[in-house]
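>>> For reference, the sequence and a predicted model appear below.
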Amino acid sequence: MKHQKTQRARFAARLSASLILLLALTGIDLHARAQINDEADIPPTAADPESAHKATLDQVNAALNKISTLEGRFLQIAPNGALDEGAFYLRRPGRLRFEYDDPNPNLIVADGTWVILENRDLKTVDRYPLRATPLKLLLKKNVNLAKDAKITAVDRHPDALLVTARDDKDDAQGELTLIFSLPSFTLVQWVITDAQGLQTTIALRDVKKGTKINPALFVVRDVNPFDRRP
């Protein structure tokens, strides 16, 4: 059980890191969020703050629900500052794939039910319920952040909007921060903060929308324990 918890903690850290990277590549740094929080809040454009907040979340929901497929490159920044790059494929609902460039031996795939971590060097395949990760908020069929999660921050920036959400029933899942470029409400980065406060950033680049993606990319078969060649 202890070994399993250690594996989960390591996976959460890797997954978090992957998510933090993409932000850096698109030119929106998380430091910008810190600056916003340190300064006076930018007042909502509407006279009623509650209405403005709802309108913002409605725009975010609409932007996410318009996404059918995305593919491109990603940059990941891990909690320890390590950088990795690779190719990503996203198909809503439920599907996501991160192919890391060498020498990183990992492959991360969400197949609609599980988030799967495959390590080519160790020849291992580990599975974790998608519903137990913050990624579920991004990959749901019908995203409704106000209904599906607890919104902990909505940070406005001249060129970007950051929305942070967490599962209101399970703090152990951590937080997911989605970063959108404005005024187009284009998803450009996300950050995962785990229960220990460690952050992983994923920044997206060279993104293509609405492409046809082979369903086989979201299938990972378990390693045959009798076929572990050196």
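Now that the structure is in, tell me what you want to look at.
>>> Name the residues of stretch 69-79 that are buried.
70-79 (16 or more other Cβ atoms under 10 Å). Using the backbone N, CA and C atoms, a C-beta is placed for each residue, glycine as well.
>>> So of those, which two are at opposite extremes in space?
The span of the buried residues of stretch 69-79, defined through Cβ to Cβ, is set by E71 and P79 at 26.0 Å.
>>> looking at this structure, which helix or strand does the model trust least?
Within the chain, no helix or strand scores below helix 30-38, which has a mean of 39 by mean pLDDT, DSSP states H and E.
>>> which element follows that helix toward the C-terminus?
Next along the chain after helix 30-38, taking DSSP states H and E as the criterion, comes helix 49-65.
>>> Downstream of that following helix, the next helix or strand is which one?
Following helix 49-65 in sequence, per DSSP H and E, is strand 69-77.
>>> strand partners of that next one, parallel vs antiparallel please.
Paired strands of strand 69-77, with direction, are strand 83-91 (antiparallel), strand 199-209 (antiparallel) (DSSP bridges).
>>> and of those strands, who's closest to V109?
For the strands paired with strand 69-77, proximity to V109 was assessed by Cβ to Cβ; strand 83-91 is nearest, at 9.1 Å.
>>> What count of nearby residues applies to the closest residue to D159 other than its chain neighbours?
Among residues not flanking D159 along the chain, L182 sits closest, at 5.8 Å (Cβ to Cβ, 6 or more residues apart in numbering). Number of residues near L182 (other Cβ atoms under 10 Å) recorded here: 13.
>>> and what of A132?
16.
>>> mind checking pLDDT for it?
We have a pLDDT of 86 for A132.
>>> Next: T56.
pLDDT, T56: 89.
>>> do you know how far L57 is from D159?
According to Cβ to Cβ, to the nearest Å, L57 and D159 sit 19 Å apart.
>>> Between the two, point out the one with more neighbours.
Counted by other Cβ under 10 Å, L57 and D159 do not tie: L57 has more neighbours, with 18 against 11.
>>> can you redo the strands paired with strand 69-77 as TSV with mean neighbour count and distance to N65?
Shown next, in TSV, are the strands paired with strand 69-77 (neighbours: other Cβ atoms under 10 Å; distance: least, Cβ to Cβ, whole Å):
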stretch	mean neighbour count	distance to N65
strand 83-91	19	13
strand 199-209	20	14
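>>> In a markdown table: those strands, plus distance to L139.
Below are the strands paired with strand 69-77 laid out as a markdown table (distance: least, Cβ to Cβ, whole Å):
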| stretch | distance to L139 |
| --- | --- |
| strand 83-91 | 8 |
| strand 199-209 | 14 |
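>>> List the contacts of the nearest residue to N61 once chain neighbours are set aside.
Spatial nearest neighbour of N61, excluding adjacent residues (Cβ to Cβ, 6+ apart): V143 at 5.2 Å. Going by Cβ atoms under 8 Å, 6 or more residues apart in numbering, V143 touches 61, 64-65, 137.
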